[in-house]
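Peer 1: Got a predicted structure here, sequence first:
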There are 2 protein chains.
Amino acid sequence: MARTPVCDLLGIEFPIFAFSHCRDVVAAVSRAGGFGVLGALAFNPEELEVELAWIDEHVDGRPYGVDIVMPNSYVGKGGGAEITREKMVELVPDEHRRFAESVLAEHDVPPLPADAAAGGDLKAAGLGIEQEGPGQVEVALKHPVKLLVNALGPPPEEVIDRAHAQGVLVAALVGAKRHAVKQVEMGVDIIVAQGTEAGGHCGEVSTMVLVPEVVDAVGPGVPVLAAGGIGGGRQIAAALALGAQGAWTGSVWLTVTEADTAEPIVENLLAATSRDTVRSRAMTGKPARLLRSAWTDAWEREDAPKTLPMPLQGIVWGEASRRWTRAGTKALSGFPVGQIVGSLDRRRPTAEVMREMVEEWIETTQRLGAVLED
Amino acid sequence: MARTPVCDLLGIEFPIFAFSHCRDVVAAVSRAGGFGVLGALAFNPEELEVELAWIDEHVDGRPYGVDIVMPNSYVGKGGGAEITREKMVELVPDEHRRFAESVLAEHDVPPLPADAAAGGDLKAAGLGIEQEGPGQVEVALKHPVKLLVNALGPPPEEVIDRAHAQGVLVAALVGAKRHAVKQVEMGVDIIVAQGTEAGGHCGEVSTMVLVPEVVDAVGPGVPVLAAGGIGGGRQIAAALALGAQGAWTGSVWLTVTEADTAEPIVENLLAATSRDTVRSRAMTGKPARLLRSAWTDAWEREDAPKTLPMPLQGIVWGEASRRWTRAGTKALSGFPVGQIVGSLDRRRPTAEVMREMVEEWIETTQRLGAVLED
């Protein structure tokens, strides 16, 4: 019961997809009958191997997926030889370094200790790209993943071909109808239509408007998942009403008991209302919905320099965020999160959240049916 | 069939509410089993009397409502004597007049002819307020209206009391949970929870997130209608799934055959995609979602002055919009409209739109029920 065609395609019980950077959450969702998707951007290939091996051991044979960020264009890409990470760091203007430093100073954030490992900044910014993307695909395809997801722009054709050759499906997130059509033409199997209320990189069109548009544009042969604003069973029912075959969720898993989200961030998330997010370029240079913080506020100020293109803004953010995370500075502890953050008020186990989602969804469907009988 | 409690409260067949400035649309929706709501802001009391008398003759005894704008605060209000319209016009800075004039000149928009009636600018900007609000209420309550709607902020207590004394219900639009709670405390009967994707004045939270929040906050005794992003039956089903008792629609009625929307605006609306709206202060000084136009673009430019507070920006916009409307200047012909504008592709009769909405809603509900049986 409670299945849509995409459930059969992936061998899952409920059409609830959960994006998380935390392997514990991924495994817990899949064990509960949903589909966990590991956000791999924080891991290099060796680390990803460790994470996926752990999931394989803890997922009880249930299906899961991996999400890899492969943006199509950014500073340093193209024009022959790829630019090194060190070169990219040098491209950050002094003005931006100084501004970031002044924001950190306003909150008494100390420098990193000399023994802190270097290089975490790019990964923290979600920019373990190009150098790591292909390596991540290699690693992922050695494990029994059922779905490769590309979060930013169209995935490279060779990745799609390799996945398909192994019977692995490919999904892509889109925020606009024409991107959905393009992705399907390139061979993507499942479209995640992500509304502007979603956390992280997002477009401007809301889930309510975007999902039916995308469903109609790609046609009945392509499963569409709805993303953005989904945290409970009423929203899952709404997503299916809009024509989606399933619900893609993310924010709700940041505060479950299994999540490894840093404590100051969890506290901020649980305290936030739905009006406490902002669509900002202050993290990666592309518009992303973030929990509003002293960092996002600072980049809106009149004295702030214009945010940099990808990946340079991410380098500035990554260096700064390592410092405030280490210092535990709550005012700066924003995070990519959607407007649904307003519904998060306590830590709960993943299995409990899943159970309540399914129950509320079933109740909602029955309530909708009863309206027609009145 | 297809009824929710708010249908019984208002004596309607389907929980579909249609906001329109056009009496023909209001009457056609009510005749088709929905609930038409006349946006009264463009009419002085004498004009409103004419409109409502016309509706009474053409609505076949079906119920309808009136929407009146009564903002709580604006320049010129309070501090003793009310300021006159002439005084308000004088408060517009020269810089803003000059900028508006330069935008009009860029598009070769001529001045109004000397014989053009004066004073339409405030009304065009939706600012027939305070002087006219109470008069509008007087007039409305002489007709068999079932619902008075206040579009901006909490309605004055005496209006609520007078409406209730006559058995007329009061509704209010809100874009945030705490405003909904406040309105209910003040005696408002029905809450319209309006997501950021809606046309006109709107908040930042999407319909998908806002509706369940508001429903939970006001409790089961208060009917909530969902507004923003609703143009078809899938979205009506989604609105009900989110916990709303009905759907509040607006944008879809701008292009029906009965609508008196100016031709250049209709052409722009039918050509627009869901990404062609912008949340802008360029019309009234408060954030409102508008079809993107050369006017909204101009106020985003680096050389643009900061938009003025209400009602001064509306005076600037009102004067300018009378001129470009008269000149038929398409590039400037924006309009308050929601992201659902992307789904409008041809003129259709109101009754046909209503019928398709209901059919799609019923099909959607049946489809959702079937998922649970699989």
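Peer 2: Noted; the coordinates are in hand.
Peer 1: How many residues are close by the residue nearest to residue A:347 when sequence neighbours are not counted?
Peer 2: Setting aside the residues directly before and after it, residue A:347 is nearest to residue A:257 in space (C-beta to C-beta, 6 or more residues apart in numbering or on different chains), at 5.1 Å. Just so you know, the C-beta spots here come from the backbone N, C-alpha and C atoms, and that holds for glycine as well. By other C-beta atoms under 10 Å in any protein chain shown, the residues close to residue A:257 number 15.
Peer 1: Hmm, residue A:353 and residue A:257 touching each other?
Peer 2: No. Counting by C-beta atoms under 8 Å, residue A:257 sits too far from residue A:353 to count as a contact (9.7 Å).
Peer 1: need the contact list for the residue nearest to residue A:347.
Peer 2: Residue A:257 sits next to A:347, A:348, A:349, A:350 when contact means C-beta atoms under 8 Å, 6 or more residues apart in numbering or on different chains.
Peer 1: Okay, the second one and residue A:36: tell me how far apart.
Peer 2: Meaning residue A:348. Separation of residue A:348 from residue A:36 (C-beta to C-beta, to the nearest Å) stands at 16 Å.
Peer 1: Look at these two and report which has more neighbours.
Peer 2: Higher neighbour count among residue A:348 and residue A:36: residue A:36, with 30 against 15, using other C-beta under 10 Å.
Peer 1: For the more buried one, report the pLDDT, please.
Peer 2: We have a pLDDT of 98 for residue A:36.
Peer 1: helix or strand right after the one helix or strand it maps to?
Peer 2: Following DSSP states H and E, one finds residue A:36 within strand A:35-39. Using DSSP H and E, the helix or strand that follows strand A:35-39 towards the C-terminus is helix A:45-58.
Peer 1: buried sites along that following helix?
Peer 2: For helix A:45-58, a neighbour-count test (16 or more other C-beta atoms under 10 Å in any protein chain shown) marks A:45, A:47, A:48, A:49, A:51, A:52, A:55 as buried.
Peer 1: Looking at the residues you listed, which is nearest chain B?
Peer 2: residue A:55 (28.0 Å; C-beta to the nearest C-beta).
Peer 1: just the helices in the stretch 151-300 of chain A please.
Peer 2: A:157-165, A:177-185, A:207-218, A:233-241, A:263-271, A:294-298 (DSSP state H, counting those that start in this stretch).
Peer 1: any chance of the buried residues of helix A:45-58 in a markdown table, with distance to chain B and pLDDT too?
Peer 2: Below are the buried residues of helix A:45-58 laid out as a markdown table (distance: C-beta to the nearest C-beta, whole Å; pLDDT from 0 to 100):
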| residue | distance to chain B | pLDDT |
| --- | --- | --- |
| A:45 | 37 | 92 |
| A:47 | 34 | 95 |
| A:48 | 32 | 96 |
| A:49 | 37 | 97 |
| A:51 | 31 | 98 |
| A:52 | 31 | 98 |
| A:55 | 28 | 98 |
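Peer 1: re the thing from before, right, so the helices of the stretch 151-300 of chain A: which one is the most enclosed?
Peer 2: Greatest average neighbour count among the helices of the stretch 151-300 of chain A goes to helix A:233-241 (a mean of 29), per mean count of other C-beta atoms under 10 Å in any protein chain shown.
Peer 1: and residue A:8, how many neighbours does it have?
Peer 2: 10.
Peer 1: Just give me the neighbour total for the residue in the stretch 51-200 of chain A positioned nearest to chain B.
Peer 2: Nearest to chain B in the stretch 51-200 of chain A, going by C-beta to the nearest C-beta, is residue A:197, at a distance of 3.9 Å. Residues near residue A:197, counting by other C-beta under 10 Å, number 31.
Peer 1: just the one 4 residues further on next, same as before
Peer 2: Look at residue A:201: counted by other C-beta under 10 Å, it has 22 neighbours.
Peer 1: what is the residue nearest to it when sequence neighbours are not counted paired to in the beta sheet?
Peer 2: Counting by C-beta to C-beta, 6+ apart, residue A:288 is the residue found nearest to residue A:201 once chain neighbours are left out, at 4.7 Å. Counting by DSSP bridges, residue A:288 forms beta bridges with residue A:201, residue A:280.
Peer 1: give the contact list for residue A:288.
Peer 2: A:199, A:200, A:201, A:202, A:279, A:280, A:281, A:336.
Peer 1: Would you confirm that the last one contacts residue A:198?
Peer 2: No. Between residue A:336 and residue A:198 there is no contact, the gap being 9.2 Å when judged by C-beta under 8 Å.
Peer 1: For the two, indicate the residue with more neighbours.
Peer 2: Neighbour count, other C-beta under 10 Å: between residue A:336 and residue A:198, residue A:198 has more, with 36 against 21.
Peer 1: do you know how far the more buried one is from residue B:113?
Peer 2: 50 Å.
Peer 1: low-confidence ranges in chain A?
Peer 2: A:1, A:70-83, A:117-134, A:374 (pLDDT under 70).
Peer 1: Can you show me the strands along it?
Peer 2: Secondary structure of chain A (DSSP state E): strands at A:16-20, A:35-39, A:64-68, A:147-150, A:169-174, A:190-194, A:200-201, A:224-227, A:246-249, A:277-280, A:288-291.
Peer 1: closest to residue A:109 out of those?
Peer 2: When the strands of chain A are compared by C-beta to C-beta, strand A:288-291 sits nearest residue A:109, at 17.6 Å.
Peer 1: Tell me the residues on the stretch 151-300 of chain A that lie near chain B, please.
Peer 2: Residues of the stretch 151-300 of chain A lying near chain B by C-beta under 8 Å from any C-beta of the partner chain: A:176-177, A:195-197, A:203-210, A:212-213, A:228-230, A:232, A:234-235, A:237-243, A:273-275.
Peer 1: one more time with 6 Å
Peer 2: Within reach of chain B by C-beta under 6 Å from any C-beta of the partner chain, the stretch 151-300 of chain A has these residues: A:197, A:205-209, A:212, A:229, A:234, A:237-238, A:240-243, A:274.
Peer 1: Pull the most distant pair out of the residues you listed.
Peer 2: It's A:243 and A:274 that sit farthest apart of these, by C-beta to C-beta, at 24.2 Å.
Peer 1: In the stretch 1-150 of chain A, what residue lies closest to chain B?
Peer 2: residue A:3 (4.8 Å).
Peer 1: Need the winner for burial among the strands of chain A.
Peer 2: strand A:224-227 (a mean of 32).
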